[in-house]
Structures are given as structure tokens and as C-alpha cells.
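A.B. asks: The following comprises the amino acid sequence and a computationally predicted model.
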Number of protein chains: 2
Amino acid sequence: MRSRNPEQEPVAGGGLLHRRALLVAGGLSLGAVEVTARESGGSAAPAWMRTQGAPLSGYGGRAPAAEKIERIVGDLSFPSSGSSRTPLQLLAGTITPSSLHFERHHGGVPAIDPTRHELLIHGLVKRPLIFRFEDLLRYPTETRILFLECSGNSGALGAAKPEQVSAGALHGLLSGTEWTGIRLSTLLDEAQVSSDGRWVQAEGADAAAMARSVPLAKCLDDALIALYQNGEPLRPEQGYPMRLLLPGYEGNTSIKWLRRLKVMANPAFSREETSKYTDLLPDGRAEMFSLAMGVKSAILQPSFGLDLRDPGYHQISGLAWSGRGRIRKVEVSADGGKSWAEAALTEPVLSKALTRFTIPWAWSGGPAVLMSRATDETGAVQPTRSDWQARYKGGRGYHNNSIQAWGVDRHGRVSHVYA
Amino acid sequence: MRSRNPEQEPVAGGGLLHRRALLVAGGLSLGAVEVTARESGGSAAPAWMRTQGAPLSGYGGRAPAAEKIERIVGDLSFPSSGSSRTPLQLLAGTITPSSLHFERHHGGVPAIDPTRHELLIHGLVKRPLIFRFEDLLRYPTETRILFLECSGNSGALGAAKPEQVSAGALHGLLSGTEWTGIRLSTLLDEAQVSSDGRWVQAEGADAAAMARSVPLAKCLDDALIALYQNGEPLRPEQGYPMRLLLPGYEGNTSIKWLRRLKVMANPAFSREETSKYTDLLPDGRAEMFSLAMGVKSAILQPSFGLDLRDPGYHQISGLAWSGRGRIRKVEVSADGGKSWAEAALTEPVLSKALTRFTIPWAWSGGPAVLMSRATDETGAVQPTRSDWQARYKGGRGYHNNSIQAWGVDRHGRVSHVYA
């Protein structure tokens, strides 16, 4: 930093600047090299300007240098059951490319022939119906940008010691994409749900016949039968040719490769909603059907593996989301939670979608502890790690939406810390 | 259609229904098959449920059936100069996957080493500056969803007879993605523009050294130096490692592989802004620097190649956009422009971004002519083809934003018509 001006006075401890601080007007230099008048005539043409470039292509690929950006593939306890995570710390904005959307499979990715795939709606309905994929292509469509998060995301925050892994490895069972599909209420209306219907069990056409029960009210509200992701037909690992999509709900309820919706009076109490995906309380009881994901945020840059090179200006950037609506605000702390400053939110701030937040930070070169805390439009605030730990019986658990901290040492090295 | 109810009474000629018509509540059946109580117990597990599926992957690919969706690659007059188009009629929503974003190259796609790429800002500035790619990664970022359209898009509407090609072949020099980059005003502030600077010439590091002049005011307003598209580093064909991005402006001003920005008092009057990309008037003069793209829309489904199979309900769906701001409304006609009904717009409706519109249509089975007409927030209305043709001297031309029509015959075949 060359000089100080009021725009660059910190608004919170540790050097956090106002979210709309004018950095350069105050003489802040971020690394550009000033050149002489002679040099400024323009540098010599590089090698790649002296030869004709590559031709047009039908389906584009990545720059060689970007090909190291891959999903973080976890160990598989069983060959086809496991998860891969979105490398959030290497991405920008709010849209996750479909190729990098996280995966969680219970029986692998089935190779479905779309001409033979059917969706059955049955149970407590007056008109049981079968929809072929081709039939559904004729129905009216809706499009929404939504986040999807596995309820096991950030489970590592329950570990006794902070794991030294990347932000994607911690929080990357989270992605955000644009989905297009048919409003499920349209199909349920056509099947004429009986008055005693209260729950719907959804089943996938995978080898696990993955199944979850969800409230009928949600299915009649904003649920979609998604056929497209980011404009294209669904990818195989995202449920091709069709998946259930329950905005804001824990990821595994959005059943992939959807083949069956059974309207019932009560939940099925399947394995995936009793022995798994429940939240154990200190008294030994467990909460079930914790469906809407809690308000949450995470700082992605800087983070473990993305160390700071020099003191001075840095952008702190991350994502915030809530299963209950829009993000109202995100606060950032650089002093381990003693003081907070409000981050800028990237427009549009959409309901049940990822919201990018940023805040400028003048790092002094001393130790710092970075945290983010999101508040949603219902007024719900992201809890501290200790509050979350006190509420549930320890261990990795599900639905961990607590505040996570990155420590920065005098060398700029970033590590995961409990603060 | 099984029955009629007031929800399904047409609101305009040719069977257009209200944009929020409740289709199924009125007994409209769209193709689902009613099954017996016995069958409704659930069908037998298909073959792909009887075997474990494919494992996790680092970077996902498409379903085999979706691999036919490719950019429409045009003939190249010169090996590395040409364009490929987005197959708009096969996509949904508003986000174009980066792999399918249209291309327009003047010297092919250069293979740039990002560690050796530099951006020079010079000319009428107090401090000529060089920014390395690595330097720019430290600057504050902004994210916006924006359309990009080549000014040659829809040029075929100037042909003497309507070309029988797909909607993508007509209008597919158009895509919409999420861009993340640095506000150009930040870099220009750092370089300290002289008071006599009025224009900026941008030059790319391709073999054509593609260059355009744009007003300094635009560069200081909402221009970005884009580094990421849909979350990932830019694709090579979209300007890796950095491109200029001028929201709402004709595509070729958003110079790819950006290497140089020269602040000047006047435009450079380069080949690409004098002999090309100008609009010839009937009196022989030409309009230059028609930079903001006009308000426009196109119906994508149904369209040529996507015939209607049966009379009854169909969704009419398309995209609308304007280089001057938000879309205010889209009207659709099924009777060749005699009567119009307002389409539903998918939220969020963003400035200078693609907006998806839909309207339900009860096709009688008789001949129909489908058209869409967009109005933007400035009040500008998309012109008819005959008005556009009268304003400019004929031929293919640039900046053609006129209304395009699809004819539907008694067999449901869709063709491009002048109406």
C-alpha cells in the first residue's frame, strides 16, 4: 500500500476494509508493473500471434493449465458407494460447471436407456400414472438456479482436531447450477392425490434403489422433476434422464434416476432416513427429517493450500446459502470473531441458491483468523462451532452448518483452525 | 384435451393460452399413461438396477444420448476464420454450458502460455502499466450473468427467401453465461487516464491481432476483464487467459486473449469497425459503432427440425435479450402477428442477460404462424422484418434484431417463413 486514505481505514479488526472501499483511488498497488514511455509502445508479438490458431470445435474443452481442476474423489468404502467434491477454492462466481458438480452415489451411476425409462406415480392417488421420458419433454418447464448440498457436507468440523485439507475437501459436497424441469405439482395434480396423502416416497433406478420420504406439501410447493442442468440434458451422475429436485432440502432427498413416487399417509422410515442422515442429540434421541439445510457460509479464498504471498490488499471471497430462502447478509471477521464487517453480496441474491460474498482486506502480515457468518431472510444466523457441538452429540454428524475458521500465520500460510 | 374450462380459453388468436393457465386442473392430459391398480404396485427393476453402476469421476461427461448436441460449425472461408453457433433449440434455461458457447475467430484459437501473457494499458495514461495474469488473480472480482451476441447473428433474415435451418443456425451466435473478472475501471484508475482520453482500442493476442475501439465511458462503466466463465478459468476459445467483456455490446468488441488497451482521443477506425460490422443505409452512408445490441427475441421450441407430433397442448419457449438493460415483456403471436399474448418470463430477469419466456399453446391442428416480440426496459420494441429491411440497405447485414416467424402446417411441420 502506497498511502492511506479514509476509504482504506479498517472497519473491523485485523484490517478488514469497507466492502465498497475504492482501492486504487487511494494509491493501492496490487502488483502491476509501471513501464517506461518507450516500452509502452507495445511489446513484441508473442509466438502464438505469429501462427494461425486452432479451428472451431463442436464441444469445447479446457485450457491445459485448467485441467488440474477436478472433483476431489474420496475413498470408496464399497466400490460404487461414495462421494466426490467440488473444488470450490479453485472456482469463481456462483455457477458450478456440471462436470464439477459434486457426486454422492449409493450404488454407482446407472447406464439408463432413456427410451426405456419410466416414472410411476402411485400409492394414494386416484389415477396411477406412468410417464415416459419422451412424454415429459412435452410438459411446461420451469427454470431455477439452486444450490444442492449433501447433509454430510462439512462433517469434518466434528473431528477432534481440525483437518488440514482444502476448502473443497471440507465443504465441497455443495454445488450451484441452473435446473430446468417440470413442476412436480403438475404431475401430482394429474394423478389426483387422495385426501389422506401426506408424504411421498421417491425411489431411484440405481442399484441401491435409493429412496427417501418427503412431505407431500414440499412436492406441491416448489419441487421439480429436473430434466436439464445448466441448459443441457442431465449428466449421468446427476440423474439422467430425470431426477427429483427439492430446492433447499438435503441433497439425497433429490432422488436421482427417479423411477417412482409413491404417495403415502406416513414416511416409509427407510434406512436412509433412520439409521443414516439423522442428528443424534446429547440425550441419545435423534432428530429425523431435518430436511431444509441450515444457513451457512464458507470462506474459499484464501483457504488451506491458497497461501498469501505478501502483506497488503487481498480479497476475501466465499459462498453463502440457506435452504430456507435468500441470504440477508454475510459478516466476516479477521480477528477470530472479536469484530465483524459486512461483506458485499454479488447480485442477484436468489432464494435457495449460492450467493458469492467478497470483502477487501489489508493484511498487516501478522497472524489472523478469518471467519464468515451468514444470516438468511428468516433471521437465522449461522452458529459457532462450539454452539453446534453442544447441541448435538459429538462426532462427524450431519447438517453441520457451523462457522469454520482459517488461521493465517506470519508467513501467509493458511491452516484450518478451531477458534 | 379432455375438457375445456375457463383457464384454458385462448387469450389470443391461434389458441394461445394465458401464461399462467392451470393446464392439468382442467383435465388436460399431456401423454401420461394411466395404469391399473395391479400394475401400480411398481414395475420390475430394469437391467441397470441389477448391477452396480459406474464409479465417481474427476470431471464428468455427458450421457451418450446427449452427445449429439454440438455447436453448429460453419464453413470456413479461411482455415482459422469462422464461427460456430450454439444449438439453442436443443438447450433449456438461460445458462449456456461453456463447451457450447458460440465461437467467432478471426485467426483461430491461440495456444497461450498464461505465465508469459501480459496485458498492457498505455496511450493517454499517466502511468503505462503491464499486468501479468498472475497479478490480476489478486484483484477484486465481480460476477455477472450476461449474454454475448455476435453482430452478424440472424443475418440470414436478410436473405431473399427464408432459409430452412434450425433456430440455432439462425440465431445461435448468441450464448449466456456467468462471467467473473475485474472491473476494468479499477485498472484504468491505476493507470491514471489523461483528461483527453475518450476511446480505448483493445487488441487480442491472436494471429489476427483482432482490435476494436470502444468508448472510454463504457470501459469506466460496467466493463470487465473476464478471467472465469461459469466458475472455471476461461476456455481457450473464449479468450483464455483473459478477455474484455463489454456487457450488452456486439460480441466482437469483447476482445478475446486481451493483450493491449490503448487510451486514445478518437477511435482507431480499424478494418473491423469500418469495412466490417457497419450498417449500410439506403442512401449509401453507413452507421458505425452500433455497439449496444438491440432488443430481440426468438422462439426456439417449436422451431425448424422440432415438429409437432399431435394437436393439443404445447409449450412455446424462447429467449429474449437487450443490450440496453432488462427485458420488460415478450409477446407471442400464433396467427402471424394479428393478435398477441404476453408470455411468462423466468425469474430472475437480469440486465443484459438472456431471459427465458414461455407460453402455453393449444394447437388446433390447423396452420399457424408463430412470432415473438420483445420490449426492453427503455421501451424499445423489437421491429418487424419489413421495418428492419426498409431501414437498412438490403442484404445480410449486421445487427438484425427483427421478428422472425415459424410456420406450422397441418402435419405439424415447422418451417421458417417471412410473415
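C.D. replies: Okay, I see it. Residues are numbered from 1 along each chain as shown, chains lettered A, B, ... in the order given.
A.B. asks: Next up, the contacts around A:Leu261.
C.D. replies: For A:Leu261, the contact set (C-beta atoms under 8 Å, 6 or more residues apart in numbering or on different chains) comprises A:119-123, A:184, A:187-188, A:200-203, A:219, A:244. Where you see a C-beta, it was placed from the backbone N, CA and C, and this is true even at glycine.
A.B. asks: Inside helices: which ones of those?
C.D. replies: Judged by DSSP state H, the subset of the contacts of A:Leu261 located in helices is A:Leu184, A:Leu187, A:Leu188, A:Cys219.
A.B. asks: In these, find the pair that's most separated.
C.D. replies: Pairwise distances among these were taken by C-beta to C-beta; the largest, 9.2 Å, belongs to A:Leu187 and A:Cys219.
A.B. asks: returning to what we had before: including distance to chain B, neighbour count and pLDDT, could the contacts of A:Leu261 go into TSV?
C.D. replies: Formatted as TSV, the contacts of A:Leu261 follow (distance: C-beta to the nearest C-beta, whole Å; neighbours: other C-beta atoms under 10 Å in any protein chain shown; pLDDT from 0 to 100):
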residue	distance to chain B	neighbour count	pLDDT
A:Leu119	9	23	96
A:Leu120	6	23	95
A:Ile121	8	25	96
A:His122	4	21	95
A:Gly123	8	22	96
A:Leu184	12	25	97
A:Leu187	8	22	95
A:Leu188	9	22	96
A:Val200	14	28	98
A:Gln201	11	21	98
A:Ala202	13	26	98
A:Glu203	8	23	97
A:Cys219	14	23	98
A:Leu244	16	27	98
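A.B. asks: got TSV for those residues, with distance to B:Ala368 too?
C.D. replies: As requested, the contacts of A:Leu261 are exported to TSV (distance: C-beta to C-beta, whole Å):
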residue	distance to B:Ala368
A:Leu119	31
A:Leu120	35
A:Ile121	32
A:His122	37
A:Gly123	40
A:Leu184	30
A:Leu187	27
A:Leu188	31
A:Val200	38
A:Gln201	42
A:Ala202	38
A:Glu203	41
A:Cys219	35
A:Leu244	35
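A.B. asks: so of those, which ones are in strands?
C.D. replies: Using DSSP state E, A:Leu119, A:Leu120, A:Ile121, A:His122, A:Gly123, A:Val200, A:Gln201, A:Ala202, A:Glu203, A:Leu244 are the members of the contacts of A:Leu261 that sit in strands.
A.B. asks: who's the third one bridged to?
C.D. replies: Here A:Ile121 sits in beta bridges with A:Leu129, A:Leu261, going by DSSP bridges.
A.B. asks: That one and A:Ser185 touch, don't they?
C.D. replies: No: in this structure, A:Ile121 is not within contact of A:Ser185 by C-beta atoms under 8 Å, at 11.8 Å.
A.B. asks: Now the helix or strand that A:Arg104 is a member of: buried residues?
C.D. replies: Here A:Arg104, judged by DSSP states H and E, is contained in strand A:103-105. Residues of strand A:103-105 classed as buried by neighbour count (16 or more other C-beta atoms under 10 Å in any protein chain shown): A:Glu103, A:Arg104, A:His105.
A.B. asks: Stretch A:378-398 now?
C.D. replies: Going by neighbour count (16+ other C-beta under 10 Å), the buried part of stretch A:378-398 is A:Ala380, A:Val381, A:Gln382, A:Pro383, A:Thr384, A:Arg385, A:Trp388, A:Gln389, A:Tyr392, A:Gly397, A:Tyr398.
A.B. asks: Any chance of the ones in helices among the contacts of A:Leu261 in JSON lines with distance to A:Glu237 as columns?
C.D. replies: Listed next are the ones in helices among the contacts of A:Leu261 as JSON lines, based on distance: C-beta to C-beta, whole Å:
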{"residue": "A:Leu184", "distance to A:Glu237": "22"}
{"residue": "A:Leu187", "distance to A:Glu237": "24"}
{"residue": "A:Leu188", "distance to A:Glu237": "27"}
{"residue": "A:Cys219", "distance to A:Glu237": "24"}
